[in-house]
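1. task: produce atomic coordinates for the following.
(one chain, ligands or ions: 2)
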Amino acid sequence: MGRKVLVTGGAGFIGSNFVRMLVDDPTVDLVRILDKLTYAGSLDNLEDVLGNPKVEFVRGDIANYDDAHPAMEGIDWVVNFAAESHVDRSLRNPAEFVRTNIEGVRVLLEIARETKPERFLQISTDEVYGSIAEGCVDETAQLRPSSPYSASKASADMLCNAYLTTFGVPVIIARSANNYGPYQYPEKLIPRFVSLALKGEKLPLYGDGRNIRDWLYVEDNCRALLLILKKGKVGEIYNIGAGELHQNIEIARKILDILGKPEDMITFVADRPGHDRRYCVNWDKIRALGWEPQAKFEEKFRETVLWYARREQWLAKKSEEAEKFYRGQ
Ligand code: NAD
Ligand code: TDX
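-> Ligands and ions are numbered 1, 2, ... in the order given. Coordinates of the predicted model:
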């Protein structure tokens, strides 16, 4: 008998890519998705898999016990992607981040005490370590989150550890770097800039544009997560990075170059308050499980930009919503 997997937040960017990978995995029998379908989630992201007999979709809120309990029944692996994920939004409305990213995780952990899954994989982020001036940090580094978003994610990690230690919930935590790839909501850097460039609008870089992120291809991340479910050890934390550290200005230039647009479309705007300068995680631990990133950055980055460019209408519609947030509407 294969595994029955619950993917919360499966209608979002990484979750929908992960669902696609599970559907193709012969050791998985059932992929149940629990998603609230907030502004960031969409059934469009799951269009090609919703008809698959392995896939069940349930609309519901992880912070609501009555939604989450039935979804967790009979489940072997819980993978919690559901979250408010946008740093800029967390600066304007932190309450929603506390509710979903902390209270939601508490509710799932409580239910896990009853339904006893074999594994509970909490999807965390490299942002919990805060800005890393130089070098890269391993999983034992101190947590120094800077934004309400990263503070809520760090809090969830702490709750997970407490439920493991106190109640034996079989938690594993994964801390990934910035993902890029298809199906990301265009409030985030790469799809936002592709969309603005296609519309002939300026690309607003925060501050001096020299902040650094490590860019991990979403499929590499999903492969790492699946490997952690299969071979990872309960109670462990695994960093997942790519070693592709790039300044935001390089990312903006690459997008313009791929789309054949002029570099003077870049503009510098007020910095994000508390903006982390650089992230870099050491991922030796997951490497020891047998994982390496496979994506060639230049190739996958180009493919990603063109993926969005080919969906110009879809992108324009989503981007109109996303830009309302930036205009303060
Ligand atoms: P996303 O914003 O694209 O998707 C989040 C999904 O969660 C959406 O489908 C949304 O509808 C759903 N959701 C939100 N609140 C919910 C609730 N209360 N109940 C049920 N569903 C809810 O996010 P993403 O970029 O795919 O990120 C997924 C996870 O990975 C998050 O936990 C995030 O913190 C983490 N992460 C993301 C990145 C990245 O680069 N995107 C990097 C590291 C970690
Ligand atoms: O318009 C912009 N201009 C700009 O300069 C936007 C949207 C972003 N930026 C900068 C801020 C960051 O330095 O680009 C970088 C990337 O920004 P985001 O796409 O907002 O991502 P980030 O803040 O790095 O967080 C992402 O990676 C870690 C995800 O949104 C998180 O969910 C994840 O945990």
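2. let me see the ranges of the strands in the stretch 101-250 of the chain.
-> 119-125, 171-176, 178-180, 203-206, 212-217, 237-240, 245-247 (DSSP state E, counting those that start in this stretch).
3. in JSON lines: these, plus mean pLDDT.
-> Output for the strands of the stretch 101-250 of the chain, formatted as JSON lines (pLDDT from 0 to 100):
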{"stretch": "strand 119-125", "mean pLDDT": "99"}
{"stretch": "strand 171-176", "mean pLDDT": "98"}
{"stretch": "strand 178-180", "mean pLDDT": "98"}
{"stretch": "strand 203-206", "mean pLDDT": "98"}
{"stretch": "strand 212-217", "mean pLDDT": "98"}
{"stretch": "strand 237-240", "mean pLDDT": "98"}
{"stretch": "strand 245-247", "mean pLDDT": "98"}
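4. adding distance to residue 254 and mean neighbour count, write these out as CSV.
-> The C-beta positions use only the backbone N, C-alpha and C, and glycine is treated the same way. Converted to CSV, the strands of the stretch 101-250 of the chain look like this (distance: least, CB to CB, whole Å; neighbours: other CB atoms under 10 Å):
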stretch, distance to residue 254, mean neighbour count
strand 119-125, 23, 25
strand 171-176, 21, 24
strand 178-180, 11, 24
strand 203-206, 11, 20
strand 212-217, 10, 23
strand 237-240, 22, 26
strand 245-247, 8, 16
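5. in TSV: those, plus distance to ligand 2.
-> Formatted as TSV, the strands of the stretch 101-250 of the chain follow (distance: least, CB to the nearest ligand atom, whole Å):
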stretch	distance to ligand 2
strand 119-125	3
strand 171-176	7
strand 178-180	4
strand 203-206	4
strand 212-217	5
strand 237-240	12
strand 245-247	9
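6. let me have those in TSV, extended by distance to residue 264.
-> Putting the strands of the stretch 101-250 of the chain into TSV (distance: least, CB to CB, whole Å) gives the following:
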stretch	distance to residue 264
strand 119-125	33
strand 171-176	34
strand 178-180	24
strand 203-206	10
strand 212-217	23
strand 237-240	36
strand 245-247	18
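7. contacting residues around stretch 21-32?
-> Outside stretch 21-32, the residues that touch it by CB atoms under 8 Å, 6 or more residues apart in numbering are 1-7, 10, 19, 49, 52, 54-58, 71, 75, 219, 222-223, 226, 230.
8. and stretch 220-230, how far out from the chain's middle?
-> Chain-centre distance of stretch 220-230: 13 Å, with CA atoms, centre = their mean, to the nearest Å.
9. average pLDDT across that stretch?
-> Mean pLDDT, computed over stretch 220-230, is 98.
10. name the residues that touch that stretch?
-> Contact with stretch 220-230 is made by 5, 14, 17-18, 21-22, 25, 27, 77, 79, 119, 121, 123, 172, 174, 176, 179, 238, 240, 242, 286, 289-291, 293-295, as judged by CB under 8 Å, 6+ apart.
11. and the contacts of stretch 21-32 near ligand 1, which?
-> Counting by CB under 6 Å from any ligand atom, the subset of the contacts of stretch 21-32 that neighbours ligand 1 is empty.
12. can you flag the buried ones in these?
-> 3-7, 10, 19, 49, 54-55, 57, 71, 75, 219, 222-223, 226 (16 or more other CB atoms under 10 Å).
13. can you list contacts of the helix or strand where residue 56 lies?
-> Take DSSP states H and E as the rule and residue 56 turns out to sit in strand 55-59. Under the contact criterion CB under 8 Å, 6+ apart, strand 55-59 has outside partners 10-11, 19, 23, 30-37, 43, 46, 49-50, 67, 70-71.
14. those residues in helices, which ones?
-> With helices defined by DSSP state H, the entries of the contacts of strand 55-59 inside them are 19, 23, 67, 70-71.
15. which of these lies closest to ligand 2?
-> residue 19 (17.9 Å; CB to the nearest ligand atom).
16. the closest one and residue 47 touch, don't they?
-> No. Residue 19 lies out of contact with residue 47 (CB atoms under 8 Å); the separation is 11.4 Å.
17. just the helices in the chain please.
-> Using DSSP H, helices in the chain cover 13-23, 65-72, 87-92, 94-98, 104-115, 148-167, 189-199, 218-231, 248-259, 284-288, 297-310, 312-326.
18. how's this protein carved up into domains?
-> Split into domains by automatic domain parsing, the chain comes to 3-179+215-240, 186-213+244-276+294-321.
19. of all the ones you listed, which one is nearest residue 327?
-> domain 186-213+244-276+294-321 (10.5 Å; CB to CB).
20. touching ligand 1 at all, that closest one?
-> No. Using CB under 6 Å from any ligand atom, domain 186-213+244-276+294-321 stays clear of ligand 1, with a minimum separation of 6.8 Å.
21. and that domain, how far apart are its ends?
-> Using CA to CA, to the nearest Å, the end-to-end distance of domain 186-213+244-276+294-321 comes out at 9 Å.
22. off-centre distance for it?
-> In this view, domain 186-213+244-276+294-321 has its centroid 17 Å away from the chain centroid, taken as CA atoms, centre = their mean.
23. all good on my end, thank you.
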